[in-house]
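In: Attaching a predicted model along with its sequence, questions to come.
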Amino acid sequence: MHFSRHTRKQNFCLVFSGFDLMLDPIFLGLDPLFSIDVKLLIKDIHSCAPVPGYQDLYLFQGHTIKSVEIYGIIVAVEQNHAMLIYQVDDGTGTVPCCLWKNSTGSITKTLPLGTCVHVLGRITDYKDMRQVTTFSLSQVHDPNREVLHALEAMVLRKTVYAEPYKVPVQIQQNADKLKEQMQADKDGEHLLSKEATETSTIKTENAFQQRLLLYLREHAPTSGFPYTFARADETLRESARQLLHHKYGESPTERQISELFAHSTTALVKSGDLLEVESNSGVYQVLTSERLQNTIETIVREAESKLSPAYGNGSPQECCAQEKEN
């Protein structure tokens with residue numbers, strides 16, 4: 001089928017209509033690929049262009065992406081006090097996969113060269129070098145999974161990924177109204193939160209824990225923080241003084257304030273709102289749905305890898321038969 005220059009120009013305009021809107025912070029997550037681990041080949045990771053004005057967001061065939069899924073063979077390993085760096089090769093290219101030592105307690109030793117691995121992580125650039133900041137890296141015992149992933153990535157590249165995301169016409173037509181409404185809702189929530197934080201008197205430990213959690217969700221670094229991180233905030237310290245004065249009837253000591261922060265942090269870990277990076281490390285992360293999902297996936301993969309020698313092959317009936325024999 002032949003397309004005239006006028007027709008190609010119309011199609012180009014249609015594809016990129018609403019492109020600026022797609023990169024608006026309020027509408028950034030509309031593209032379904034934005035919130036998933038996109039199946040890619042390593043050469044595709046290197047072809048992604050950084051999104052102007054954003055950190056660690058990339059454009060791939062008209063889609064805004066951040067996280068990827070790859071398979072490959074470990075061809076080099078580096079290690080320092082902070083991270084393990086696996087150089088992974090899938091036949092189309094190589095990419096460093098950086099695994100922070102304080103991001104998981106499951107990596108106790110390095111995997112050997114030649115190991116086939118499954119990697120989930122976020123595309124990042126460091127010193128002008130493309131890399132994958134890794135959420136999960138697990139050994140693959142079946143090499144066919146790497147081949148299957150490559151085939152899936154190539155098919156998706158020609159089908160799903162080949163269609164650039166377009167902001168729906170209804171959203172384009174009402175973008176200004178939607179932005180005003182969403183900003184008004186956000187400002188209202190922030191105002192209520194701020195008023196509640198600044199004016200209410202803290203009289204129970206549970207109320208102080210919720211205020212501490214709100215502060216950590218807004219200010220704590222995602223990479224992890226010590227329990228003393230929030231102790232420097234004067235508003236929280238005043239809340240701690242209110243609670244302890246109400247409890248003991250006198251001005252609290254610095255030691256009592258520190259103990260309250262430590263106890264509240266432990267309580268938030270037990271309630272599932274915080275996650276201790278490593279046992280007894282004193283470093284914590286705010287538990288988000290994304291981090292919880294990654295943690296669950298890591299646990300499942302580890303359990304699967306332990307079961308795979310006995311149950312990795314054969315039909316379900318054969319596996320059941322093996323279980324009975326054992």
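Out: That came through, no problem. None of these values were measured; they are calculated from a predicted model.

In: In a helix, Lys240, correct?
Out: No, residue 240 isn't Lys; it's Ala. Yes: under DSSP: H, G, I helix; E, B strand; the rest coil, Ala240 falls within a helix.

In: Need the pLDDT of it.
Out: Looking at Ala240, its pLDDT reads 89.

In: Please determine how far it is located from Glu259.
Out: Relative to Glu259, Ala240 is positioned 10 Å away (C-beta to C-beta, to the nearest Å). Backbone N, C-alpha and C define where each C-beta goes, glycine included.

In: mind checking pLDDT for the residue nearest to Ser35 when sequence neighbours are not counted?
Out: Nearest residue to Ser35 in three dimensions, chain neighbours excluded: Gly29, at 6.1 Å (C-beta to C-beta, 6 or more residues apart in numbering). pLDDT, Gly29: 75.

In: ok, now Thr197?
Out: In the predicted model, Thr197 carries a pLDDT score of 47.

In: Secondary structure element for Leu84, which one?
Out: According to DSSP states H and E, Leu84 maps onto strand 83-89.

In: Contacts only, for Trp100.
Out: Trp100 makes contacts with Ala82, Met83, Thr133, Ser223, as judged by C-beta atoms under 8 Å, 6 or more residues apart in numbering.

In: now Met154
Out: Leu41 are the contacts of Met154 under C-beta under 8 Å, 6+ apart.

In: pretty sure Gln139 contacts Pro112?
Out: No: the criterion here is C-beta atoms under 8 Å, and Gln139 misses it with Pro112 at 9.7 Å.

In: Helix, strand, or coil at Gly121?
Out: With three-state DSSP as the criterion, Gly121 reads strand.

In: Kindly tell me how buried the closest residue to Pro96 other than its chain neighbours is, as a neighbour count.
Out: Nearest non-adjacent residue to Pro96, counting by C-beta to C-beta, 6+ apart: Gln131, 4.3 Å away. Counted with other C-beta atoms under 10 Å, residues neighbouring Gln131 total 19.

In: just to revisit the earlier point, out of the contacts of Trp100, who's the most crowded?
Out: Thr133 (19 neighbours).

In: In contact with Phe208, which residues?
Out: If you count contacts by C-beta under 8 Å, 6+ apart, then Phe208 has Ile202, Ser239, Ala240, Leu243, Leu260, Ser264 around it.

In: If you count contacts, what does the longest strand seen in the chain end up packed against?
Out: Longest strand in the chain, counting residues (DSSP state E): strand 67-79. When contacts are defined as 3 or more C-beta pairs under 8 Å, 6 or more residues apart in numbering; DSSP states H and E, strand 67-79 packs onto strand 37-39, helix 42-47, strand 83-89, strand 94-100, strand 116-126, strand 129-139, helix 144-158.

In: nearest to Glu276, of those?
Out: strand 94-100 (15.0 Å; C-beta to C-beta).

In: Flag the least confident of the contacts of Trp100.
Out: Ser223 (72).

In: Which helix or which strand is home to it?
Out: Using DSSP H and E, no helix or strand contains Ser223.

In: now it, nearest residue through space, not along the chain?
Out: Trp100 (7.1 Å).

In: Please apply the same query to Tyr58.
Out: Counting by C-beta to C-beta, 6+ apart, the residue nearest Tyr58 is Cys48, at 3.8 Å.

In: how's this structure carved up into domains?
Out: Under the assignment automatic domain parsing, the domains of the chain span 29-171, 185-286.

In: closest one to Lys177 among those?
Out: domain 29-171 (10.1 Å).

In: Distance from the closest one to the middle of the chain?
Out: How far domain 29-171 lies from its chain's middle: 12 Å, per C-alpha atoms, centre = their mean, to the nearest Å.

In: repeat for stretch 242-255
Out: With C-alpha atoms, centre = their mean, you get 39 Å for stretch 242-255.

In: ok, residues contacting that stretch?
Out: Residues contacting stretch 242-255 (C-beta under 8 Å, 6+ apart): Thr201, Ile202, Lys203, Thr204, Glu205, Ala207, Phe208, Ala240, Arg241, Gln256, Ile257, Leu260.

In: Same check on stretch 82-94?
Out: The contact list for stretch 82-94 (C-beta under 8 Å, 6+ apart) reads 41-46, 70-79, 95-102, 107, 110-111, 117, 119, 132, 134, 137, 146, 150.

In: In this structure the residue nearest to Tyr58 contacts Ile123, no?
Out: Yes: using C-beta under 8 Å, Cys48 makes contact with Ile123 at a distance of 6.3 Å.

In: in the strand or helix carrying His263, what's buried?
Out: Under the criterion of DSSP H and E, His263 resides in helix 254-270. The neighbour-count check on helix 254-270 (16 or more other C-beta atoms under 10 Å) flags Ile257, Leu260, Phe261, Ser264, Thr265, Ala267, Leu268 as buried.

In: quick one: which of those is nearest Lys127?
Out: Of all the buried residues of helix 254-270, Lys127 sits closest to Thr265, with 34.8 Å by C-beta to C-beta.
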